[in-house]
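In: here's a sequence, model it:
(2 chains)
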Amino acid sequence: MEKTLKTLKPGQSGKISMIKCKGATRRRLMDMGVVKGTEVYVEKVAPLGDPIEIKIKGYNLSLRKEDAQNIIME
Amino acid sequence: MSKSITIALAGNPNSGKTTLFNALTGAKHSVGNWPGVTVEKKEGKFIHNSNEIIAVDLPGTYSLSPYSLEEMIARNYIVNESPEVVINIVDASNIERNLYLSMQLIELGKPVVIALNMMDIAERRGHKIDHNKLSQALGVPVVPIVATQKKGLKELLDAAVDIVRGKIKYNPNRVDYGKEIEDKIQKTKAMIKDKSNIAKYDLRWLAIKVIEEDEAVLDLLNMKDKFSAENEVAVTNEDAFENDFEAIIADRRYSYITSILSKVVKKPDSKVLTTSDKIDRVITNRWLGLPIFAALMYLVFWFTFNIGNIFLDMIDGWFGALGESAGTALEGIGVAGWLNSLIVDGIIGGVGGVLVFLPNIVFLFIAMSLLEDSGYMARVAFIMDRAMRKIGLSGKAFIPMLMGFGCTVPAIMGTRTLEDEKDRLATMLVAPFMSCGARLPIYVLFAGVFFPGKEGIVVWSLYIIGIIVAVIAALIFKKTIFKGEATPFVMELPPYRIPTLKVTGSLVWEKAKGYLLRAGTIIFAASIVIWFILNFNFSGMSEMPDSIGAGLGKVISPIFKPLGFGSWEAALSLITGLLAKEVVVSSMAVIYGLGEAASEAAMEGDVTGFVEALNAVGFTSLSAYAFMVFSLLYTPCIAVIGTFKKESNSWKWTGFSVAYQFVVAWVISMLVFQVGTLIGF
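Out: Reported below is the predicted structural model:
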């Protein structure tokens, strides 16, 4: 199975290799620093199971699992 | 005095932009909307070293791509209104992502001064930032400030003024996008440089935007088809996701920032948990997150309505006393009865009836502002997103909906936290279905008369109907008029901060002022109009049954016939209910001549006075239930209509909200009555 940001568990980290999201979401993610080669740390999952919270470029970001699934990790 | 200087303030959300704006302009600023949209625009004037300066607060954005309304507003303002200088506020404790916007601002071609804010927080975390080196590397002035303590503001303004007056040479370094893109930029520049309508734009910026396939720019240059066609070819040749130019450009911007920061910033290697992270691990914990959230919401509710109601009763008391003493005084000096009634019943009663909600609104906004400033509001969206998404709304829509149970006015004002225009309108349209406190007296009265012993379950069922209708309406809106690509839920969770009294205070004051202003204008006028129609007919002053209002009730009442309550009295009380929903009860008391005492007793649950009167106009338990359902669902009151207009900035949507709520109320209430009749209630 492909390793994506969604498959990372809280406490794990990894490096982004590709972003397969489209349109506004893709643009937004890139604007927020979710770009190729960036180190990501998964902080936690929301109480209802979605979205997730990650640490990236020194700040905290939340995104939905359906988008995390399209962020491919090295 | 020399010409005034316009400064635009740009920066990320949570970077301290509002604090800086307030620190610069003091209390002397005006709040309005950007033309045509509901995004707030703030502008303030002040003097610095005998230069008159106009500061314009641009919406907080992370980028200048054309995907969000805020970003378009900020970009269009800088390009079209040409402020002399842009002050870009950068959060030093989150510098990497903040500089991404700076890169884009610099690319626009207008002079930029960077205000490096929150240096104190960055230092506490052990980050050492050399602002002189940063300034050299970027080629733009960088001034360290602490906006909350007003440190460095003089130096910041000096730098901005010096650039405008030509005392500092402004010569920014450019991002090197790598050979492939740079070649493309050169080619594109050559291709577009002769276009006629691009004088005010920076040519390199336009070229980059063309390569990024920025729709607004492609439109401007009239080359939409041509370019997408050319880029389409590139995409089929290479891996579509890895090598599109938009991604490469974003990538290069970030690596440019990283390379600069590696020379400018020293930070500790170890990944230390900040205090904020530790707090957050408890507050949004998988198991504790929801209970803490529920407890906090209960607290907000309790604070708003219990503490607020103490003051509400006080104000209510004052207006009651004011009305009485004014009545006596006016009688004493021989004022005509009609004028006395206009002043006492019409104006004091009408305006007072709306002003009594001021404490609730103030307390609600204190609570909301504390949640927002502390950083918890973003967590509410984080916690509730999954549930809210099921009905097509974002997690952020939860709080305004919840507020609707108290009062619809602050609920609609509370939708301001939603960035997306469509989400916001959808929330504003469904929030009124949450049964507000003012509708409760109607339920208490009718349930008491027609469902003795079963009041609890009847009232509860009405709240549930409200929620179900809101959910269905939201689903329908998101599938029809607000259809379109779902807004991405990619949201920063800002660090927790201790809210400052100043920010909270000024925000609450602004809201209260707006509400007071409305009470003094729209509601004042409406109160007079309603008093007139209830006390006059075309031949002069009259008793209520002969008034224009009663006539109106008689004209309208056939509409309510299929709903089971076709009497003019019921129709008229529903019309007057637009003033405020409690008025339905008090006007029934007036119409039936039961007097103040019966109405007050009814509000407290003693309905003996009403039983006969309601039976006399043909209410049965089924039509009474239909009447309650109608009261629940139709437009709450003119205060809500006024708020809706102000917040949506559109008479069209305001009219729509009134009309569709009326239709929904009518249809559902009719179904209740007709189906109920069929199955033999």
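In: mind listing the helices for the stretch 251-400 of chain B?
Out: B:275-283, B:289-302, B:308-332, B:337-341, B:349-355, B:358-374, B:376-389, B:398-403 (DSSP state H, counting those that start in this stretch).
In: any chance of those helices in a markdown table, plus mean pLDDT and mean neighbour count?
Out: In short, each C-beta sits where N, CA and C put it, glycine included. Formatted as a markdown table, those follow (pLDDT from 0 to 100; neighbours: other Cβ atoms under 10 Å in any protein chain shown):
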| stretch | mean pLDDT | mean neighbour count |
| --- | --- | --- |
| helix B:275-283 | 90 | 15 |
| helix B:289-302 | 86 | 15 |
| helix B:308-332 | 84 | 14 |
| helix B:337-341 | 82 | 14 |
| helix B:349-355 | 71 | 21 |
| helix B:358-374 | 80 | 21 |
| helix B:376-389 | 89 | 22 |
| helix B:398-403 | 82 | 24 |
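In: dump the ones you listed to CSV, plus distance to chain A.
Out: As requested, these are arranged in CSV below (distance: least, Cβ to the nearest Cβ, whole Å):
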stretch, distance to chain A
helix B:275-283, 7
helix B:289-302, 4
helix B:308-332, 29
helix B:337-341, 56
helix B:349-355, 38
helix B:358-374, 15
helix B:376-389, 4
helix B:398-403, 12
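In: hang on, residue B:89 in a strand?
Out: Yes: under DSSP: H, G, I helix; E, B strand; the rest coil, residue B:89 sits within a strand.
In: test my guess that it contacts residue B:11.
Out: Yes: with contact defined as Cβ atoms under 8 Å, residue B:89 and residue B:11 form a contacting pair (3.7 Å).
In: who has more neighbours, the two?
Out: Between residue B:89 and residue B:11, counted using other Cβ atoms under 10 Å in any protein chain shown, residue B:11 has the larger neighbour count: 31 against 28.
In: quick one, what contacts that one?
Out: For residue B:11, the contacting residues are B:17, B:60, B:88, B:89, B:90, B:91, B:98, B:101, by Cβ atoms under 8 Å, 6 or more residues apart in numbering or on different chains.
In: tabulate the helices of the stretch 251-400 of chain B in TSV, adding columns for distance to residue B:470.
Out: Putting these into TSV (distance: least, Cβ to Cβ, whole Å) gives the following:
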stretch	distance to residue B:470
helix B:275-283	28
helix B:289-302	17
helix B:308-332	23
helix B:337-341	39
helix B:349-355	24
helix B:358-374	19
helix B:376-389	12
helix B:398-403	7
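In: of all those helices, which lies closest to residue B:565?
Out: Closest to residue B:565 of these, according to Cβ to Cβ: helix B:349-355, at 23.7 Å.
In: state the three-state secondary structure for residue 15.
Out: Answering for chain A, as no chain was given. Going by three-state DSSP: residue A:15 is strand.
In: try again with chain B
Out: The three-state label given to residue B:15 by three-state DSSP is coil.
In: doesn't residue B:91 make contact with it?
Out: Yes: counting by Cβ under 8 Å, residue B:15 touches residue B:91, with 4.2 Å between them.
In: who touches both of those two?
Out: Shared contacts of residue B:15 and residue B:91, defined by Cβ under 8 Å, 6+ apart, comprise B:98, B:117, B:118.
In: can you tell me how far the closest residue to the second one other than its chain neighbours sits from residue B:150?
Out: With Cβ to Cβ, 6 or more residues apart in numbering or on different chains as the measure, residue B:16 is the residue that lies nearest to residue B:117, at 4.5 Å, once sequence neighbours are left out. Computed with Cβ to Cβ, to the nearest Å, the distance linking residue B:16 and residue B:150 is 12 Å.
In: more neighbours, these two?
Out: In terms of neighbours (other Cβ under 10 Å), residue B:16 is the more surrounded of residue B:16 and residue B:150; the figures are 23 against 14.
In: that one: what's it in contact with?
Out: Applying Cβ under 8 Å, 6+ apart, the residues near residue B:16 are B:89, B:91, B:117, B:118, B:147, B:148.
In: quick one, domains of chain B?
Out: B:5-164, B:179-266 (automatic domain parsing).
In: show me what whichever strand or helix holds residue B:444 is packed up against.
Out: Using DSSP states H and E, residue B:444 maps to helix B:440-450. Applying 3 or more Cβ pairs under 8 Å, 6 or more residues apart in numbering or on different chains; DSSP states H and E, we find helix B:440-450 packed against helix B:455-479, helix B:582-591, helix B:595-603, helix B:608-616, helix B:621-633.
In: re earlier: which one (most neighbours) among the shared contacts of residue B:15 and residue B:91?
Out: For these, the largest number of neighbours (other Cβ under 10 Å) sits with residue B:117, at 29 neighbours.
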